[in-house]
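*Asks:* Got a sequence here, can you build the structure:
(one chain, ligands or ions: 1)
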Amino acid sequence: MNKINIVNVDYDIEVINEADDYMVKNNLQAYCDYNETKITISRKYIDGTIKTHRILIIDLLHEILHAYFYETGTTELNNELAVECVSMMMINQDFLKKAKDIIELI
Ligand SMILES: [Zn+2]
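*Replies:* Here you go, the predicted structure:
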């Protein structure tokens, strides 16, 4: 199983082929179990549609951010809006590159 170290805590990352019962019941694409230190993502949406590679990355990044905010005690950011904002900015690396380019020009 893949692992990722998040602030000195090893999280297992399990990629499953179909949405499991927990995902279906809670209408989730993926989830993070802080007690088990495990992230589970599904290759398919609940309706059975196969996710694109990019969506899998976004799903994983989303759960990593939940774990990061949890493990750092940044609970005020551990909500869907904040996690979506940060993951959107991380996926859109253009923002980061543009900021770097601007600073280098100064
Ligand atoms: Zn979330």
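
*Asks:* use CA for all of it now, contacts and neighbours both
*Replies:* Noted.

*Asks:* how about the strands in the protein?
*Replies:* 2-6, 9-16, 30-33, 38-42 (DSSP state E).

*Asks:* the longest helix in this protein is where?
*Replies:* helix 53-71 (DSSP state H).

*Asks:* helices and strands of this protein: which one bottoms out on pLDDT?
*Replies:* For the chain, using mean pLDDT, DSSP states H and E, the weakest element among its helices and strands is helix 93-105, scoring a mean of 86.

*Asks:* For it, name the packing helices and strands.
*Replies:* Judged by 3 or more C-alpha pairs under 8 Å, 6 or more residues apart in numbering; DSSP states H and E, the packing partners of helix 93-105 are helix 80-91.

*Asks:* Quick one: list the elements packing against the helix it packs on.
*Replies:* Right, helix 80-91 is packed against helix 53-71, helix 93-105 by 3+ C-alpha pairs under 8 Å, 6+ apart.

*Asks:* Which one, of the ones you listed, ends up nearest to V83?
*Replies:* For V83, the closest of the helices and strands packed on helix 80-91 is helix 53-71, at 6.2 Å, according to C-alpha to C-alpha.

*Asks:* who touches the longest helix of the chain?
*Replies:* 6-7, 9, 29-32, 34, 39, 41-43, 75, 77-79, 83-84, 87, 91 (C-alpha atoms under 8 Å, 6 or more residues apart in numbering).

*Asks:* Restricting to C-alpha, output stretch 42-59 in PDB.
*Replies:* This file holds the C-alpha atoms of stretch 42-59, laid out as PDB (Å, rounded to 0.1, in the frame of the first residue of the first chain):
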ATOM      1  CA  SER A  42     -12.100   5.300  -5.600                       C
ATOM      2  CA  ARG A  43     -11.200   5.000  -9.300                       C
ATOM      3  CA  LYS A  44     -14.900   5.400 -10.100                       C
ATOM      4  CA  TYR A  45     -17.600   7.800  -9.100                       C
ATOM      5  CA  ILE A  46     -20.500   6.500  -7.100                       C
ATOM      6  CA  ASP A  47     -22.500   6.200 -10.400                       C
ATOM      7  CA  GLY A  48     -19.800   3.900 -11.800                       C
ATOM      8  CA  THR A  49     -18.300   6.400 -14.200                       C
ATOM      9  CA  ILE A  50     -14.500   6.100 -14.400                       C
ATOM     10  CA  LYS A  51     -12.600   9.100 -13.100                       C
ATOM     11  CA  THR A  52      -9.900  10.800 -15.200                       C
ATOM     12  CA  HIS A  53      -6.300  10.800 -14.000                       C
ATOM     13  CA  ARG A  54      -6.600  14.500 -13.200                       C
ATOM     14  CA  ILE A  55      -9.700  13.900 -11.000                       C
ATOM     15  CA  LEU A  56      -7.900  11.100  -9.100                       C
ATOM     16  CA  ILE A  57      -5.000  13.500  -8.400                       C
ATOM     17  CA  ILE A  58      -7.500  16.200  -7.300                       C
ATOM     18  CA  ASP A  59      -9.300  13.700  -5.000                       C
END
